[in-house]
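Enquirer: Got a predicted structure plus its sequence, pasted below:
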Amino acid sequence: MNNLPTIGVMLGDVTGIGPEIAAKVLASSALRGTANLVVIGDARVLDLGIRDAGVALPYTRYTSIDEVRFPRADVPLVDLGNVDPARFTRGQSSPESGKLTGDTLKGMIDLALADKLDGICFAPLNKGAMHQGGWKFHDEHQMFAKLTGHCGFFGEMNVIKEFSTFRVTSHVALKEAVTMISPERITAAIELAQNTLRAAGREKPRIGVAALNPHCGENGLFGDEEIRIIRPTVDQLRASGIDCVGPVSSDAIFLKALRGEYDGVVMMYHDQGQIATKLLGFNKGVTVTAGLRTVFTTPAHGTAYDIVGQGKADPGAMEHAIRLAIQLASGRIAAQRATPARAA
């Protein structure tokens, strides 16, 4: 075994473009020598992706990750034999497929918790299908937190070349998000941004914090959350040593980030930042589940049912997602090696 991180690659929901874009990335030489990549899934799904992608991808099937050895020239596949593509209509959501997607991720999480994977990168899945299939979570991030036994704040991080975004609230109704804005949640989100950006290689990250209301509430004319909650919290954290500024109006903060003023943007609710990141980097954006003990990354786009099976899905975001998983996992490994072992 070499000293590279071992990253598990999950092929996504079989009804979407996940198998195709995973096959395209794995068949290229772009990631060669950067990590130990191992596919966890079903050989029939990988074969489907290879056909859709129109690529040659030599791989070897194993029944256990313990049998896999690195370095190697081909791609190892731990064949779960749990997903038969013939059972599903492509380009359509399926509760059964959603259940099997969750089952596969659960198995990969178990491997990570057993220190057999340093990170997990999964191709696009369908949140609704997973929920209908029995994985009763609002999103995969909630599922990951539960299955890893996480306690405390965690959040979704969206990464494009220009900057990364973090959320005070995420997959909740907008009217609920407004009531959830609090000093505690803002503090947790800013600290998560600080720690995650540092782990990704930014030694002194600069963080912009978005306002909640239009024009920062116009001094309380239409909303005073900026005055009562956001600004005092940002000021307190800046005084503690975190390089953060805000609140900054939503119609200006992403322009500032795009000009390079911020490495990260903390937003108050989901679409406040998702619109910006998807507009700027739809085929390159990556989503990270930040704050958990296991590294999770995925393309920021979805299953793209409208182009399934056509061979034209862009693998750019999948490649970036694997690269970021490698980077984050490598950073964690380096930090662990640098930490002196406690005396017995």
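Expert: Arrived safely, thanks for sending.
Enquirer: isn't residue 104 right next to residue 82, touching?
Expert: Yes: counting by Cβ atoms under 8 Å, residue 104 touches residue 82, with 6.8 Å between them. (Each C-beta comes from the backbone N, C-alpha and C, glycine too.)
Enquirer: Of these two, which one has the most company?
Expert: Each of residue 104 and residue 82 had its neighbours counted (other Cβ atoms under 10 Å), and the higher figure belongs to residue 104 (25 against 14).
Enquirer: What helix or strand is the more buried one located in?
Expert: Residue 104 is part of helix 95-113, with elements assigned from DSSP states H and E.
Enquirer: Just the buried positions in that helix, please.
Expert: If you call a residue buried by 16 or more other Cβ atoms under 10 Å, then helix 95-113 has these buried ones: 97-105, 107-109, 111-112.
Enquirer: Helices along this structure, start to end?
Expert: Under the criterion DSSP state H, the chain contains helices at 18-27, 43-53, 95-113, 127-132, 140-147, 174-180, 183-199, 225, 231-239, 250-258, 270-281, 316-338.
Enquirer: mind checking pLDDT for residue 157?
Expert: At residue 157, the pLDDT value in this model is 88.
Enquirer: And it, how far from residue 264?
Expert: Using Cβ to Cβ, to the nearest Å, one gets 8 Å for the distance from residue 157 to residue 264.
Enquirer: which residues touch residue 212?
Expert: With contacts taken as Cβ atoms under 8 Å, 6 or more residues apart in numbering, residue 212 has the following neighbours: 178, 181, 223, 225-226, 230, 247, 268-269.
Enquirer: Which of those residues fall in strands?
Expert: When the contacts of residue 212 are checked against strands using DSSP state E, the ones located there are residue 247.
Enquirer: quick one: which of the contacts of residue 212 is nearest to residue 138?
Expert: Using Cβ to Cβ, residue 269 comes nearest to residue 138 of the contacts of residue 212, at 14.0 Å.
Enquirer: Correct me if wrong: that closest one contacts residue 177.
Expert: Yes: using Cβ under 8 Å, residue 269 is in contact with residue 177, at 4.2 Å.
Enquirer: if I look at those two, which residues touch both of them?
Expert: Among the neighbours of residue 269, those also in contact with residue 177 (Cβ under 8 Å, 6+ apart) are residue 169.
Enquirer: so how far is residue 190 from the residue nearest the centre of the chain?
Expert: In the chain, the centroid-proximal residue (Cα atoms, centre = their mean) is residue 288; its distance is 2.4 Å. According to Cβ to Cβ, residue 288 stands 16 Å off from residue 190.
Enquirer: ditto for residue 6
Expert: Shown here: residue 6 relative to residue 190, a distance of 32 Å by Cβ to Cβ.
Enquirer: just residue 69 next, same as before
Expert: Counting by Cβ to Cβ - residue 69 and residue 190 are separated by 43 Å.
Enquirer: Next: residue 23.
Expert: Using Cβ to Cβ, one gets 39 Å for the distance from residue 23 to residue 190.
Enquirer: Between these two, which is the more surrounded one?
Expert: When residue 23 and residue 190 are compared for neighbours, residue 23 comes out ahead with 30 against 24, by other Cβ under 10 Å.
Enquirer: could you list every residue that touches the nearest residue to that one once chain neighbours are set aside?
Expert: The shortest distance from residue 23 to any non-neighbouring residue, by Cβ to Cβ, 6 or more residues apart in numbering, is to residue 49 (3.7 Å). By Cβ under 8 Å, 6+ apart, the contact set of residue 49 is 11, 18-23.
Enquirer: Wait, residue 205 touches residue 194, no?
Expert: Yes: A contact is recorded between residue 205 and residue 194 when judged using Cβ under 8 Å, the distance being 6.0 Å.
Enquirer: The two - which one has more neighbours?
Expert: Neighbour count, other Cβ under 10 Å: between residue 205 and residue 194, residue 194 has more, with 23 against 20.
Enquirer: and the more buried one, what does it touch?
Expert: Contacts for residue 194 were tallied using Cβ under 8 Å, 6+ apart; they are 205, 207, 242, 244.
Enquirer: at 6 Å what do you get?
Expert: Taking Cβ atoms under 6 Å, 6 or more residues apart in numbering as the definition of contact, the neighbours of residue 194 are residue 242.
Enquirer: returning to that earlier point: are there residues contacting both of residue 157 and residue 264? Which ones?
Expert: For the pair residue 157 and residue 264, residues contacting each of them under the criterion Cβ under 6 Å, 6+ apart are residue 164.
Enquirer: For the residue of the chain positioned farthest from its centre, give me the pLDDT.
Expert: When each C-alpha in the chain is compared with the mean C-alpha position (Cα atoms, centre = their mean), residue 221 comes out farthest, at 37.3 Å. The predicted local confidence for residue 221 comes out at a pLDDT of 93.
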